[in-house]
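Novice: sequence and predicted structure below; questions after.
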Amino acid sequence: KAGVTQTPRYLIKTRGQQVTLSCSPISGHRSVSWYQQTPGQGLQFLFEYFSETQRNKGNFPGRFSGRQFSNSRSEMNVSTLELGDSALYLCASSWSASSYNEQFFGPGTRLTVL
Amino acid sequence: DQQVKQNSPSLSVQEGRISILNCDYTNSMFDYFLWYKKYPAEGPTFLISISSIKDKNEDGRFTVFLNKSAKHLSLHIVPSQPGDSAVYFCAASGSEKLVFGKGMKLTVNP
């Protein structure tokens, strides 16, 4: 069974631009969560989608948004990029919306904002 | 405010010795705890978990201990191997989203 895939793996943008990251969960998994990892803050929860609905949202500004499609694939978008948005963005999938289920992570997208 | 804390950013141990990674939490509603391991350029992978109804869970070289009264859990790796060198994240759940600690870098020296 293929794992969680994220595209692109690396991205370089400039301040003010917007970016869209993509995540394909493990086949059969319907829950997708997004995390931001920075050296100082560890993994911070962005949002979770289940069956195309946002189920939970972390404490990030409205510039961060996401969506999930009917095939469970998910995208996250960051508008008006800031230098501080440089981070590793991780996507994780699980078969249900319960946080008691093990989450399987993708390799991440490394975003650099110049 | 940080609900899951890994207060030591790094730990270095010799191969064959025990590695003890600590984690503290503040939210008494958390009832499920997990440890993830992360290698560079890879996503975190699940290592071991423990429910709040237990105080110990063991899986091979990995054992997680939970002290609910102290709101503390620890991961013991015995014996430590160089391949265990990675960043370890503690995470906690209380039926809503998973909350992760900042991670601890473990280095196991040959």
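Specialist: The structure has been received and is ready for your questions.

Novice: how about the residues of chain A by chain B?
Specialist: Contact residues, chain A versus chain B (CB under 8 Å from any CB of the partner chain): A:4, A:33, A:35, A:40-45, A:48, A:56, A:58, A:90, A:92, A:98-100, A:102-108. The way it works is simple: take the backbone N, C-alpha and C, and place the C-beta from them, glycine included.

Novice: just checking, which of those residues belong to helices?
Specialist: Among the residues of chain A next to chain B, DSSP state H puts none in helices.

Novice: buried subset of those residues?
Specialist: Among those, those classed as buried by 16 or more other CB atoms under 10 Å in any protein chain shown are A:4, A:33, A:35, A:42-45, A:48, A:56, A:58, A:90, A:92, A:99, A:103-108.

Novice: I'd say A:Ser72 and A:Ile26 touch.
Specialist: No: using CB atoms under 8 Å, A:Ser72 is not in contact with A:Ile26; the gap is 9.1 Å.

Novice: more neighbours: those two, which one.
Specialist: Neighbour tally, A:Ser72 and A:Ile26, criterion other CB atoms under 10 Å in any protein chain shown: the higher count belongs to A:Ser72, 21 against 18.

Novice: quick one: the strands in chain A, in order.
Specialist: A:5-7, A:10-13, A:19-24, A:31-38, A:42-50, A:53-57, A:64-68, A:74-78, A:87-94, A:104-105, A:109-113 (DSSP state E).

Novice: okay, those strands in CSV with mean pLDDT next?
Specialist: Putting the strands of chain A into CSV (pLDDT from 0 to 100) gives the following:
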stretch, mean pLDDT
strand A:5-7, 97
strand A:10-13, 96
strand A:19-24, 98
strand A:31-38, 94
strand A:42-50, 91
strand A:53-57, 90
strand A:64-68, 97
strand A:74-78, 97
strand A:87-94, 95
strand A:104-105, 93
strand A:109-113, 97
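
Novice: out of these, the one nearest B:Phe30 is which?
Specialist: Of all these, it is strand A:42-50 that lies closest to B:Phe30, at 14.1 Å by CB to CB.

Novice: got the angle for the closest one vs strand A:74-78?
Specialist: Going by axes from the mean of the first three to the mean of the last three CA atoms, to 10 degrees, strand A:42-50 is angled at 130 degrees with respect to strand A:74-78.

Novice: quick one, strand A:42-50 and strand A:64-68 angle?
Specialist: Between strand A:42-50 and strand A:64-68, the angle comes out at 40 degrees (the same axes, to 10 degrees).

Novice: correct me, but A:Val4 touches A:Gln103?
Specialist: No: counting by CB under 8 Å, A:Val4 does not reach A:Gln103; the two are 9.1 Å apart.

Novice: I'd assumed B:Gln2 was in contact with B:Tyr25.
Specialist: No: counting by CB under 8 Å, no contact exists between B:Tyr25 and B:Gln2, whose distance comes to 9.4 Å.

Novice: neighbour-wise, which of the two wins?
Specialist: B:Tyr25 (24 against 14).

Novice: bridged to the more buried one, which residues?
Specialist: Beta-bridge partners of B:Tyr25, counted by DSSP bridges, are B:Val4.
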